[in-house]
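A.B. asks: quick one: sequence plus predicted model below, questions after.
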Amino acid sequence: MWETIIGLEVHTQLRTKSKIFSSASTDFGSEQNTQACAIDLGLPGVLPVLNKDVVFMAIKFGLAINGKIAKKSIFARKNYFYPDLPKGYQISQYELPIVESGSINIFHKDKSKKIGITRAHLEEDAGKSVHDLFDDKSAIDLNRAGTPLIEIVSEPDIRSAEEAVIYLKKLHSLVRYLEISDGNMEQGSFRCDANVSVKKNTDKKLGIRAEIKNINSFKFVENAINFEVNRQINLLENGNSVIQETRLYDPIKNETRPMRSKEEANDYRYFPDPDLLPVVIDSSMIEKIKSDMPELPDKRLERFIKSYKLSEYDANILIADKFLANYFEETLKANNLESKIVANWIITEILALAKKSNIDTENFPVEPNNLNELLVFVKDDIISSKQAKEILQRMWLKGEKANTIIEKEGFQQISDSTELDKIVENVLKNNYKSVEEYMSGKTKLFGFFVGQVMKETEGKANPKIVNELLRGKLDKKC
């Protein structure tokens, strides 16, 4: 009966050392109000100067989404009053953005869907209001003022919270592949405003939308949209109206609440910034950036499936993060290992350790060549998979190499058939009653015999060889 219509505005902080119109640093975590210079504050007599790196990054993004790169774009002043906006206006792009008419494809429920991107424009960030330093007072930190952003505005093509998250994750992966943003959501480098409305399936006209501001995690995006959709449906089904407004999401109460009435474009009184020249881009610049473009996620997915014979599921997990995909390929590089085995270890063991220790893919403590060495030991039957998992945890926590741990702790697997044959023979001799029961049809006792051999060898016996020896001897007795 009800159809959900969602459009997302994603604010992505660009990975520059200095701000968009000044030389002030963009480093995160500095003491409050130490990184806002006279230009960022808009003091009288100062003039902004465009950081050329942000233009290159915007072009790079535009090419990646097959967008139209504007040969001429302009900056405008977006006028509004807010305590963390020191100039009383924000420098942004309005009528002539640098990128228009792109798209990215997402996969949802085994179907491909194109999400249109209306525009991607450059702008400066505002400061930050801090509400937890003083009782009954708010503070303003202007370190972030003037930090370069690219705002990516989607078409209202998204139909569910789940689709929204898939789109966001694809976009997040893309900006990291392009190395134009670190995408750190906790630090605010990648945050989202969600425009949400509902309408009856039979209606042609879109419903009144509410905008949910500054959501900074995939989980919160999904929860906020789902709450807002249900809120709007309940209002309409009870004969009430949806108000066009800006709302905030409270993750503790899992609800959205009103922030302010939603402004229209004319409320901001946009006009071209008189202090900034138009941005003029020639074809040679676009071609140069195009020639230096990295391999993008969709192409890498295709290559991983074709070259490494990975399932689409495994390949999607690996390529979703550029550094994880690199880690996989670096691990494979050193020795002749099966790609499926390496993928399994990274997806099941490495990612589990990373999640447990809250370490991102750029900072794995186990280097790819060290993981490769560990897996070669497993391949050569020097250690078992069970031992390898224990060793990997030591490598992760203490930074030791696999061979050092194996030598120090005596982890070597017993694979000598002659030595194991004697142990198997003794186990069967010492458990003759169990052998008789096995011969009478209680074949589940086979696991008992394996366990006894492992007990005798303190878990170091090669399971494959143990199984073969036991089968041979028990079959003869039968």
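C.D. replies: Right, received. Where do you want to start? Keep in mind the model is a prediction, meaning the values are calculated, not measured.
A.B. asks: quick one: low-confidence ranges for this structure?
C.D. replies: Along the chain, segments meeting pLDDT under 70 span 261-266, 410-414, 416, 475-478.
A.B. asks: need the longest strand for it.
C.D. replies: Secondary structure of the chain read by DSSP state E shows that its longest strand is strand 111-124.
A.B. asks: residues contacting whichever helix or strand comes after that one, please?
C.D. replies: Later in the chain than strand 111-124, the nearest helix or strand by DSSP states H and E is strand 128-134. Residues outside strand 128-134 that contact it (C-beta atoms under 8 Å, 6 or more residues apart in numbering): Q32, P83, D84, S138, A139, I140, D141, L142, N143, R144, G188. (Each C-beta comes from the backbone N, C-alpha and C, glycine too.)
A.B. asks: CA atoms only for strand 128-134 - export them in CSV, please.
C.D. replies: Output of strand 128-134 as CSV, limited to C-alpha atoms (Å, rounded to 0.1, in the frame of the first residue of the first chain):
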residue,chain,number,x,y,z
LYS,A,128,31.0,21.9,15.4
SER,A,129,28.7,22.6,18.3
VAL,A,130,29.8,20.8,21.5
HIS,A,131,27.1,20.2,24.1
ASP,A,132,28.8,18.0,26.7
LEU,A,133,31.6,20.2,28.0
PHE,A,134,29.6,22.7,30.2
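A.B. asks: what lines up beside it in the sheet?
C.D. replies: strand 137-141 (antiparallel) (DSSP bridges).
A.B. asks: how about the partner strand: buried residues?
C.D. replies: Using 16 or more other C-beta atoms under 10 Å as the burial criterion, the residues of strand 137-141 that qualify are I140, D141.
A.B. asks: what strands flank the helix or strand following that strand, and is each parallel or antiparallel?
C.D. replies: Downstream of strand 137-141, the first helix or strand assigned by DSSP H and E is strand 148-154. In the sheet, strand 148-154 lines up against strand 2-13 (antiparallel), strand 111-124 (antiparallel) (DSSP bridges).
A.B. asks: restrict the next helix or strand after the first one to CA atoms and write it as CSV.
C.D. replies: Spelled out, it's strand 2-13. Past strand 2-13, further along toward the C-terminus, the next helix or strand under DSSP H and E is helix 38-41. Taking Å, rounded to 0.1, in the frame of the first residue of the first chain, the C-alpha atoms of helix 38-41 are listed here in CSV:
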residue,chain,number,x,y,z
ALA,A,38,41.5,34.3,9.6
ILE,A,39,40.2,33.0,6.2
ASP,A,40,38.2,30.2,7.8
LEU,A,41,36.7,32.8,10.2
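A.B. asks: in the helix or strand following helix 38-41, what counts as buried?
C.D. replies: Downstream of helix 38-41, the next assigned helix or strand under DSSP H and E is helix 52-64. Within helix 52-64, the residues scored as buried using 16+ other C-beta under 10 Å are D53, V54, V55, F56, M57, A58, I59, K60, F61, G62, L63, A64.
A.B. asks: equivalent analysis for stretch 24-31, please.
C.D. replies: Quick answer for stretch 24-31 (16+ other C-beta under 10 Å): A24, S25, T26, F28.
A.B. asks: out of everything not next to it in sequence, what's closest to the second one?
C.D. replies: Distances taken as C-beta to C-beta, 6 or more residues apart in numbering put Q35 closest to S25, at 5.1 Å, once the chain neighbours are dropped.
A.B. asks: quick one, the longest strand of the chain and helix 52-64 angle?
C.D. replies: Here the directions of strand 111-124 and helix 52-64 differ by 160 degrees (axes from the mean of the first three to the mean of the last three C-alpha atoms, to 10 degrees).
A.B. asks: tell me how far the longest helix along the chain lies from the chain's centre.
C.D. replies: Ranked by residue count under DSSP state H, the longest helix found in the chain is helix 218-237. Here helix 218-237 is found 23 Å from its chain centre; the criterion is C-alpha atoms, centre = their mean, to the nearest Å.
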